[in-house]
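Asks: output the structure for:
(one chain, ligands or ions: 1)
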Amino acid sequence: TESASPSSPDLSSRTPPYPKLLKRMSEVRRILGSSRALTLAEKILYSHLDNPEDSLLTGTDNGSNIRGVANLKLKPDRVAMQDASAQMALLQFMSCGLPSTAVPASIHCDHMIVGERGADTDLPSSIAGNKEVFDFLESAAKKYGIEFWPPGAGIIHQTVLENYAAPGLMMLGTDSHTPNAGGLGAIAIGVGGADAVDALVDAPWELKAPKVLGVRLEGKLSGWAAPKDVILNLAGQLTVRGGTGSIIEYHGPGVESLSCTGMATICNMGAEVGATTSLFPFSPSMVPYLEATHRGPIALAASTIASSPGPHNLLRADDGAEYDRHITIDLSSLEPHINGPFTPDLSTPLSKFSETVKKNEWPETLGAGLIGSCTNSSYQDMTRAEDLVKQAEAAGLEPKSDFFITPGSEQIRATLERDETLSTFSKAGGTVLANACGPCIGQWKRTDGVEQGESNAILTSYNRNFPGRNDGNRGTMNFLASPEIVTAMSYAGSTTFNPITDSIPTPSGKPFKFSAPSGSDLPSSGFAQGNPDFLPTPGIPDPSAPVIVDPKSSRLAVLEPFEPFPEGDIEGVRVLYKVKGQCTTDTISAAGPWLKYKGHLPNISANTLIGAVNAATGETNVAYDVDGATSSIPELAERWKAQGRTWLVVAEHNYGEGSAREHAALQPRYLGGRIILAKSFARIHETNLKKQGVVPLTFANEADYDRIDACDDIATIGLYDVLKAGGKGDVSLRVTKQKTGETFEIPTKHTLSVDQAAFVLAGSALNVLAKAKRA
Ligand code: F3S
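Replies: The predicted structure follows:
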């Protein structure tokens with residue numbers, strides 16, 4: 001395969017279209033009035049509007065009330081897709097019948113690589129095990145002109161940061177941690193494949209104008225505190241729902257003290273508080289990072305814009321810009337934090353962690369420490385961890401916990417290998433895994449004998465810690481911390497160890513205490529290129545290239561369009577399941593072993609909602625049919641589908657929190673789901689549902705959740721009219737109790753826009769797009 005050299009990459013497709021964005025910005029200023037102070041998030045978003053006048057003035061009191069109200073129709077500059085979600089995105093793109101993508105795009109093979117014994121054995125076996133999927137992705141990339149990063153090249157967000165992210169860029173990524181690129185001043189939003197298809201076919205992508213949550217950083221990090229601690233602390237303040245509907249915009253004097261990669265870590269985990277995205281203003285540390293990653297001309301162009309006065313400054317907020325909510329964090333007094341288990345917002349300062357462990361009777365033995373991943377595998381992260389390993393080694397110590405290192409990309413791996421950081425980890429007994437997601441996405445095959453269901457504790461520098469996330473074992477308590485804290489605590493092998501205050505006994509009997517870690521932001525001799533086989537294919541379309549899908553495959557299936565919405569309101573929609581408590585996209589469409597069916601909708605649908613807790617019985621994945629017969633949730637859904645019965649799910653708050661996984665919307669739709677009725681929704685998932693033709697409704701009165709049970713029958717009142725009216729109007733539901741025959745009506749709320757109403761009517765967004773492209 002012909003490859004681009006990273007030392008002289010073609011920057012034409014990687015440079016944000018600055019002249020166009022600045023022109024659009026002048027237009028926005030004209031529409032909103034030149035005295036209006038804008039946040040940075042607004043500037044970048046609005047300069048990507050398809051038609052600023054239309055988006056900013058419609059329904060917004062003439063532009064005075066945009067945030068949280070306007071429907072922005074945006075034209076992103078680029079799309080990035082990871083292997084698991086790219087399959088469905090491409091299958092959907094293919095059905096639109098276009099010869100190439102409308103904007104530059106990239107595919108990154110990272111999620112389907114197992115972490116077990118180390119890169120040398122894990123990578124070849126994962127490639128062999130997923131060959132038909134990688135072949136499909138590569139063949140589609142070739143045909144449509146998408147840059148293809150093969151397995152082993154790196155994790156999507158690290159590769160994007162090293163190659164594509166840039167100040168002022170707007171991109172979509174089919175992964176919830178896409179906001180990582182905000183560390184380089186880009187607005188990067190995690191979406192489902194159907195949203196990515198909007199950008200790939202040049203259709204405007206719609207987003208409810210986010211509110212802007214300002215986080216002012218003051219002071220400077222020192223000692224053990226790391227950028228990770230900024231977001232671990234903020235997650236504790238905001239909770240997993242606190243950022244919903246908002247962009248988190250960092251500003252203040254503390255910004256300039258942070259490395260570019262540190263800012264990326266902070267933005268990455270904005271996904272954990274439900275934020276639309278997170279971003280930093282242009283800052284001095286972006287220049288050396290862009291230069292070190294062979295993008296000097298982009299650094300120069302961005303610096304010029306960032307230093308221009310007043311209205312032409314696209315890369316910083318205006319003086320006096322107002323935030324919808326504001327939080328201040330003092331970096332100088334920030335303590336390391338440890339978050340978890342099981343939710344990223346359970347945040348405990350390190351100084352209180354030992355007593356918290358004891359109070360909650362969490363395991364005191366630390367089974368494993370895992371560092372790296374898309375969140376924390378920068379040169380700075382790894383050299384600070386290396387410093388601690390060297391300190392411990394000099395004292396004759398070895399880690400007591402298993403210790404794993406996941407480099408985020410081939411570039412960072414090769415650089416750390418050249419600079420002997422990796423050999424320091426290996427000598428200490430650490431296992432260097434492939435440049436891929438591995439243990440972060442349930443692809444960790446543990447070899448330490450921990451049994452399924454057995455309670456145990458691990459510590460990671462990753463970003464997410466839902467039950468079962470790392471090793472598929474819901475008994476594993478997974479705590480999140482900076483790579484430095486993970487590394488130091490792995491030496492003690494204990495969750496009650498505080499590396500700042502506590503000592504570890506050494507073989508000589510002398511107690512050893514760590515000093516605060518130090519490292520380098522960037523490698524002094526530049527980044528190493530690494531294995532040239534891991535460079536991407538060029539993004540040049542080849543219309544004659546075939547796309548490889550075996551019709552007998554159990555892993556890939558060409559998509560059949562969904563049926564349009566029936567004419568009139570719908571009746572006899574039966575409650576399949578009433579979910580109690582947290583219902584993440586992992587709950588709705590589990591990862592781990594199921595990842596291999598991402599491109600085969602019928603097969604992956606057998607995991608639908610298998611993690612959901614039954615509100616009536618407390619059982620997980622036990623559904624009851626009207627005759628009382630029990631089965632798994634997907635089995636009951638299949639049975640009802642075969643009977644021609646549509647159904648709905650009733651759920652509590654933040655339904656669909658977690659990832660951008662559109663399968664969590666596609667699967668219920670495929671099995672006959674028509675409505676999800678919840679107390680509230682996570683943003684990405686709510687959009688995904690509408691794009692697949694499922695109607696998300698919320699209770700107008702939350703107490704009505706208690707009045708509905710599994711197998712009750714529902715009829716919609718007004719839904720069809722609302723759809724026909726482009727989302728205007730209200731929907732009620734008439735509930736008929738299965739046990740008593742009693743009926744009553746409940747009011748609901750919805751957030752359907754004109755376009756989304758059209759998606760539901762047509763059966764899916766794809767049906768609308770395909771029709772428009774055929775016309
Ligand atoms: Fe991969 Fe985990 Fe990041 S799954 S993209 S390393 S959040």
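
Asks: any idea which residue sits dead centre in the chain?
Replies: residue 176 (1.3 Å; C-alpha atoms, centre = their mean).

Asks: next, that residue: phi, psi?
Replies: Note on residue 176: its backbone torsions stand at phi -70, psi -20 [degrees, to the nearest 10].

Asks: contacting residues for it?
Replies: Listed by C-beta atoms under 8 Å, 6 or more residues apart in numbering, the contact set of residue 176 reads 190, 271, 658, 659, 660, 661, 684. Just so you know, the C-beta spots here come from the backbone N, C-alpha and C atoms, and that holds for glycine as well.

Asks: and the lowest-mean-pLDDT helix or strand in the chain, what does it pack against?
Replies: The helix or strand of the chain with the lowest confidence, counting by mean pLDDT, DSSP states H and E, is helix 765-774 at a mean of 85. Counting contacts by 3 or more C-beta pairs under 8 Å, 6 or more residues apart in numbering; DSSP states H and E, helix 765-774 packs against helix 193-200, helix 683-691, helix 754-762.

Asks: 10 Å - rerun?
Replies: For helix 765-774, the packing partners by 3 or more C-beta pairs under 10 Å, 6 or more residues apart in numbering; DSSP states H and E come out as helix 83-94, helix 193-200, helix 683-691, helix 754-762.

Asks: up against the ligand, what does the stretch 401-550 of the chain have?
Replies: Counting by C-beta under 6 Å from any ligand atom, the stretch 401-550 of the chain comes close to the ligand at 437, 440, 441, 462, 463, 464.

Asks: tabulate those (CSV), appending secondary structure, neighbour count and pLDDT.
Replies: Compiled in CSV, those are given as follows (DSSP: H, G, I helix; E, B strand; the rest coil; neighbours: other C-beta atoms under 10 Å; pLDDT from 0 to 100):
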residue, secondary structure, neighbour count, pLDDT
437, coil, 31, 93
440, helix, 28, 92
441, helix, 25, 87
462, coil, 28, 97
463, coil, 28, 97
464, coil, 25, 94
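
Asks: please identify the buried residues of whichever strand or helix holds residue 28?
Replies: Element membership for residue 28 (DSSP states H and E) is helix 18-32. Within helix 18-32, the residues scored as buried using 16 or more other C-beta atoms under 10 Å are 18, 21, 22, 24, 25, 27, 28, 29, 31, 32.

Asks: figure out how far that helix is from the centre of its chain.
Replies: In terms of C-alpha atoms, centre = their mean, to the nearest Å, the centre of helix 18-32 is found 30 Å from the chain centre.

Asks: again with stretch 451-467
Replies: 19 Å.

Asks: and if you look at stretch 520-529?
Replies: 27 Å.

Asks: cool, and stretch 614-633?
Replies: On C-alpha atoms, centre = their mean, the centre of stretch 614-633 falls 31 Å from the chain's centre.

Asks: pull out the buried residues from that stretch.
Replies: Quick answer for stretch 614-633 (16+ other C-beta under 10 Å): 614, 615, 620, 621, 622, 623, 624, 625, 632, 633.

Asks: spit out the contact partners of residue 32.
Replies: 38, 42, 46, 52, 56, 57, 62, 63, 64, 66 (C-beta atoms under 10 Å, 6 or more residues apart in numbering).

Asks: residues in contact with the least confident helix or strand of the chain: which ones?
Replies: Residues from elsewhere that reach helix 765-774 (C-beta under 10 Å, 6+ apart): 91-93, 95-98, 192-195, 197-198, 200-203, 206, 559, 561-564, 687-688, 690-693, 755-756, 758-762, 764.

Asks: residues contacting residue 193?
Replies: 79, 81, 85-93, 174, 200, 598, 660-663, 666, 688, 691, 766.

Asks: next: residue 559.
Replies: 88, 91, 92, 94, 95, 599, 601, 666, 670, 764, 766.

Asks: what mean pLDDT does stretch 395-413 get?
Replies: Here stretch 395-413 scores 97 as its mean pLDDT.

Asks: give me the buried positions along it.
Replies: Neighbour counts over stretch 395-413 (16+ other C-beta under 10 Å) mark 395, 397-413 as buried.

Asks: on that earlier part again, which one of the contacts of residue 32 is nearest to the ligand?
Replies: Closest approach between the contacts of residue 32 and the ligand, by C-beta to the nearest ligand atom: residue 42, at 27.7 Å.

Asks: so that closest one makes contact with residue 279?
Replies: No: counting by C-beta atoms under 10 Å, residue 42 stays clear of residue 279, with 11.2 Å between them.

Asks: circling back: of the contacts of residue 32, which one scores lowest on pLDDT?
Replies: pLDDT across these is at its lowest for residue 62, which sits at 90.

Asks: where are the low-confidence patches of the chain?
Replies: 1-8, 311, 660 (pLDDT under 70).

Asks: close to the ligand: what parts of it are there?
Replies: 110-111, 155-157, 175, 177, 373-374, 437, 440-441, 462-464.

Asks: mind giving me the domain split of the chain?
Replies: Here the domain parsing of the chain from automatic domain parsing is 75-208, 336-445+453-512, 573-774.

Asks: and the longest one, end to end?
Replies: Its first and final residues considered, domain 573-774 spans 33 Å by C-alpha to C-alpha, to the nearest Å.
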